[in-house]
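J.: I'd like to go over a predicted model; first the sequence, then the structure.
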Number of protein chains: 2
Amino acid sequence: MAVQRLTSRDIRSESRLDVMKALLVAGEASRNELVRETGLSPATVATVVGELITAGIVTEGRTTSGGIGRPTRVLHINAARGLVVGVDVAETYVRATVFNTSLDEVESAVVHRDEHEHTVEYVVDGIERAVDTALASAGAEREAVLAVGVSLPGLVVRGGSTSVVVPELTWHETGVDRIRERLALPVVVDNPLKAVAAAELWFGEGRDCDSMITINLGTGVGAGIVIGGEILRGATSSAGEWGHSLLVLDGRACRCGRRGCVEAYVGAPGILETLREIDPDNPLVRVGAQRDVIEALAGELAAPEPDPAALETIARTARYLGSAIADLVAILNPEAVALTGWTAWALGEHLLPLTRSTLVAQAPGESAVDMTLRISTVRGNSVATGMAVSALTWFLADVGLVTRVPVGL
Amino acid sequence: MAVQRLTSRDIRSESRLDVMKALLVAGEASRNELVRETGLSPATVATVVGELITAGIVTEGRTTSGGIGRPTRVLHINAARGLVVGVDVAETYVRATVFNTSLDEVESAVVHRDEHEHTVEYVVDGIERAVDTALASAGAEREAVLAVGVSLPGLVVRGGSTSVVVPELTWHETGVDRIRERLALPVVVDNPLKAVAAAELWFGEGRDCDSMITINLGTGVGAGIVIGGEILRGATSSAGEWGHSLLVLDGRACRCGRRGCVEAYVGAPGILETLREIDPDNPLVRVGAQRDVIEALAGELAAPEPDPAALETIARTARYLGSAIADLVAILNPEAVALTGWTAWALGEHLLPLTRSTLVAQAPGESAVDMTLRISTVRGNSVATGMAVSALTWFLADVGLVTRVPVGL
């Protein structure tokens, strides 16, 4: 990859995104408030707002009188400009979430997926059914959709055309083309780590931070990395595969085929393995599906006198997690780390205290002392939200307002 | 830290640095060649060259006739504009290297340092003697020096004023002020990881790559990280402390006080520890200072029938190193990794084959298959070279040609 040169077009593009983000967060704002919020000059804000109004993305609303001076017009995103859909293709389900142009969640639908069925048609069928069901609940037609963002669990590689390398789903360009054909809509694809980073960048820690990491904890684990306000993709789009960095040389077998990976300890199956090591006969081990065991473990921890094996499982997991986050902090030294994903939602508050103290002890020098570590404040399914952000950004690029496009089309 | 906004001033600043780098690498070039080399427009190159000529940084030399068309003037850096000095304060020595404005090495001097003596005055005294000795060899006075860049082995934190937090050298702002007072010259400070990254960015892999990692192997180990053409500093300037990320949970004690750090396995003392584990009575173990043992080990490996314990030490070290680099690749997915530092110079060629195969096997997916892994092509002491780059950049900022300044003053 050659060194990328930034142009003044990119700067204008960034200004438009900054104004949009500020409006999305504030709900509504005057031009003066946008100047304060974005740090852009009044002239730039005036130009950018004009462009966004022309494109139908922003509308001018009621006139307010602040008491002093002349009345000002309030601006907001034109929520009715169209819909964007974020789709999370996970291992056991496909979730489609419909958002308006203000990125308010409108409706959501889940289609269950057999995790052993990996053909393109089966998965594309699930995507189509989830999207159509969500749109039907929203009382909307496909024609109202500006773009669809689909997160696929694998490497999403940009090149001449986009290809997706999914360990289980062995489909390349053709798979993405099939999604487009079936939906007959603009489609952008990315992987869940980039999606959670996009969600955090627009709606979480990223609003105040220049560098931050979103850790996704579920069956698999990984890191969405933001540096200098941008999502790190890497040379072959595989940046953030922290789940497959080493925690223990020659340690537990990981499903990736290597040994000792972080995921083998802090992914949901790894947490169950830890419980099994502590107490092979524990009733929680026999609950069934991994997600149910994690929920049952969370329930046990909320009891007045939790099972000691459950407590010890949390203690060891927090120690693994704190040590593994310390490695990220040693290498990247971010301002903030946010935890997301269903394991984080279920167990996060139990894991946080010991994870934090392990992290502070293990990270080099004082690097973790003032660092923010918390459960992500992004509400809902952050993968779907992140893909809706990508879909909206794609649309803005399509109408010529943004120069740097996410993966896709 | 607030989100940093790029301005058109920054773009002009980048263009000037691009033209300077292209001239430094090419030695001399016409405006047309600079257009081809940098990808900038002819108008931008003409403007930037004019500014650099006005500042006395670039001069126009002989006129060439390319055969076709009108004769063109050849440009080069004005090597006589002044000197910059790069200083590497290592654990056992202080090396000062004098460069001309073209960043050609002029002279170098080493002052030995007692690694148990950590007072500010002792270290500053060593820096001053090294700088003066190198300048005397070059037949130059301090007055000819535009700026001095000093690498200090610790965290160099930017803030209201620069402070250096060195584990052994417990001196904050006052120490840096003392360097300035004694040298009576502009001084920028940084740490060795940022310095090797700067050297690699200007003279190594960074000339062709947008993202790359320079791994520094010596007594300590660490990573100089470049993403998007910029050196990653981190929220508290400690990015790149890969040497203190985990290789083995609860593994070998590291001098940082934690256990299982990468450095405890691939730092020079870690390599000796591995040899001792394999063969406690090996004569190499008794050679003396760590640097001498590493050199003796390299000598042994060059023998027709190397000692099996030496071979096994290399095999294990390469496996540790390959696994630890795989973690960096999992997280950052760079285009290239370069190895530098005295251990890399001594043992690198012996380590590379097995390091590379371990890396390819351990890194996620195909991420390491097409990645460049080699010994850095930056000649000489890359810490001193990197600090000379920082000093020159500081000077360019001081005369108003560059907007983003390295740590310092």
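T.: On my side now, so go ahead.
J.: and the residue of the stretch 151-300 of chain A found nearest chain B, what does it touch?
T.: Taking Cβ to the nearest Cβ, chain B has its nearest neighbour within the stretch 151-300 of chain A at A:Gly234, 2.5 Å off. C-betas here are computed from N, CA, C, even on glycine. Listed by Cβ atoms under 8 Å, 6 or more residues apart in numbering or on different chains, the contact set of A:Gly234 reads A:Gly240, B:Ser211, B:Leu332, B:Asn333, B:Pro334, B:Ser367.
J.: name the element the residue nearest to the spatial centre of chain A belongs to?
T.: The centre of chain A sits closest to A:Val196, judged by Cα atoms, centre = their mean, with a distance of 1.1 Å. If you go by DSSP states H and E, A:Val196 is part of helix A:192-203.
J.: Show me which residues of the top helix by length along chain A are buried.
T.: Identified as the longest helix of chain A according to DSSP state H is helix A:308-332. For helix A:308-332, a neighbour-count test (16 or more other Cβ atoms under 10 Å in any protein chain shown) marks A:309-310, A:313-332 as buried.
J.: Keep only the residues you listed that also lie close to chain B.
T.: By Cβ under 8 Å from any Cβ of the partner chain, the members of the buried residues of helix A:308-332 lying near chain B are A:Tyr320, A:Ser323, A:Ala324, A:Ala326, A:Asp327, A:Leu328, A:Ala330, A:Ile331, A:Leu332.
J.: Quick check: the farthest pair among those residues?
T.: A:Tyr320 and A:Leu332 (18.9 Å; Cβ to Cβ).
J.: relative to helix A:192-203, how tilted is the strand or helix carrying A:Ala397?
T.: In this structure, A:Ala397 sits in helix A:382-398 according to DSSP H and E. Between helix A:382-398 and helix A:192-203, the angle comes out at 70 degrees (axes from the mean of the first three to the mean of the last three Cα atoms, to 10 degrees).
J.: Please name every helix or strand in contact with helix A:382-398.
T.: helix A:8-26, strand A:83-89, strand A:93-100, strand A:145-151, strand A:187-190, helix A:192-203 (3 or more Cβ pairs under 8 Å, 6 or more residues apart in numbering or on different chains; DSSP states H and E).
J.: for whichever residue of the stretch 301-409 of chain A sits closest to chain B, what are its contacts?
T.: For the stretch 301-409 of chain A and chain B, the shortest gap (Cβ to the nearest Cβ) falls at A:Asn333, measuring 2.5 Å. A:Asn333 sits next to A:Ser211, A:Ser367, B:Arg233, B:Gly234, B:Ala235, B:Thr236, B:Ser237, B:Ser238, B:Ala239, B:Gly240, B:Glu241 when contact means Cβ under 8 Å, 6+ apart.
J.: If we use 10 Å, what do you get?
T.: A:Asn333 makes contact with A:211, A:363-365, A:367-368, A:371, B:155, B:225, B:232-241, according to Cβ atoms under 10 Å, 6 or more residues apart in numbering or on different chains.
J.: quick one on the thing from earlier: can you pull the buried residues of the helix holding A:Ala397?
T.: So helix A:382-398, judged by 16+ other Cβ under 10 Å, has buried residues A:382-397.
J.: Domain parsing of chain A, as residue ranges.
T.: A:8-77, A:81-195+A:382-398, A:206-375 (automatic domain parsing).
J.: Would you format these as a markdown table with mean pLDDT included?
T.: Formatted as a markdown table, these follow (pLDDT from 0 to 100):
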| stretch | mean pLDDT |
| --- | --- |
| domain A:8-77 | 86 |
| domain A:81-195+A:382-398 | 86 |
| domain A:206-375 | 93 |
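J.: As CSV, these with distance to B:Leu359 would be great.
T.: Output for those, formatted as CSV (distance: least, Cβ to Cβ, whole Å):
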stretch, distance to B:Leu359
domain A:8-77, 34
domain A:81-195+A:382-398, 18
domain A:206-375, 12
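J.: follow-up on the earlier one: over to the residue of the stretch 151-300 of chain A closest to chain B. Which of the three states is it?
T.: coil (DSSP: H, G, I helix; E, B strand; the rest coil).
J.: ok so, going back, CA atoms only for the helix holding A:Ala397, dumped as PDB, please.
T.: C-alpha atoms of helix A:382-398 as PDB (Å, rounded to 0.1, in the frame of the first residue of the first chain):
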ATOM      1  CA  SER A 382     -23.600  -2.400  18.700                       C
ATOM      2  CA  VAL A 383     -22.600  -4.500  15.600                       C
ATOM      3  CA  ALA A 384     -25.900  -3.600  13.900                       C
ATOM      4  CA  THR A 385     -25.500   0.100  15.000                       C
ATOM      5  CA  GLY A 386     -22.000   0.200  13.700                       C
ATOM      6  CA  MET A 387     -23.100  -1.300  10.300                       C
ATOM      7  CA  ALA A 388     -25.900   1.400  10.200                       C
ATOM      8  CA  VAL A 389     -23.200   4.000  10.700                       C
ATOM      9  CA  SER A 390     -21.200   2.400   7.800                       C
ATOM     10  CA  ALA A 391     -24.300   2.300   5.600                       C
ATOM     11  CA  LEU A 392     -25.100   6.000   6.300                       C
ATOM     12  CA  THR A 393     -21.500   7.000   5.600                       C
ATOM     13  CA  TRP A 394     -21.700   5.000   2.300                       C
ATOM     14  CA  PHE A 395     -24.800   7.000   1.400                       C
ATOM     15  CA  LEU A 396     -23.100  10.300   2.200                       C
ATOM     16  CA  ALA A 397     -20.200   9.200   0.000                       C
ATOM     17  CA  ASP A 398     -22.600   8.200  -2.800                       C
END
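J.: now it: how far from the chain's centre is it?
T.: 11 Å (Cα atoms, centre = their mean, to the nearest Å).
J.: What segments of chain A are strands?
T.: Taking DSSP state E as the test, the strands found in chain A are A:58-64, A:72-77, A:83-89, A:93-100, A:105-112, A:145-151, A:155-157, A:163-165, A:187-190, A:212-217, A:221-227, A:230-231, A:336-340, A:372-375.
J.: Can you check what angle separates the second one from strand A:93-100?
T.: To tie it back to what came earlier, the one meant is strand A:72-77. 160 degrees.
J.: Between strand A:58-64 and strand A:72-77, find me the angle.
T.: Using the same axes, to 10 degrees: strand A:72-77 against strand A:58-64 is 150 degrees.
J.: Could you list the buried residues of strand A:72-77?
T.: A:Val74, A:Leu75, A:His76, A:Ile77.
J.: List the contacts of the closest residue in space to A:Leu272 that isn't next to it in sequence.
T.: Spatial nearest neighbour of A:Leu272, excluding adjacent residues (Cβ to Cβ, 6 or more residues apart in numbering or on different chains): A:Val293 at 5.6 Å. Under the criterion of Cβ under 10 Å, 6+ apart, the neighbours of A:Val293 are A:Ala268, A:Pro269, A:Ile271, A:Leu272, A:Leu275, A:Asn282, A:Leu284, A:Val285, A:Arg286, A:Val287.
J.: now swap in A:Leu401 and tell me
T.: Taking Cβ under 10 Å, 6+ apart, we find A:Leu401 in contact with A:12-13, A:16-17, A:20, A:48, A:51-52, A:54-55, A:57, A:393, A:395.
J.: List only buried entries from those.
T.: Using 16+ other Cβ under 10 Å, the buried ones in the contacts of A:Leu401 are A:Arg12, A:Ser13, A:Arg16, A:Leu17, A:Met20, A:Val48, A:Glu51, A:Leu52, A:Ala55, A:Ile57, A:Thr393, A:Phe395.
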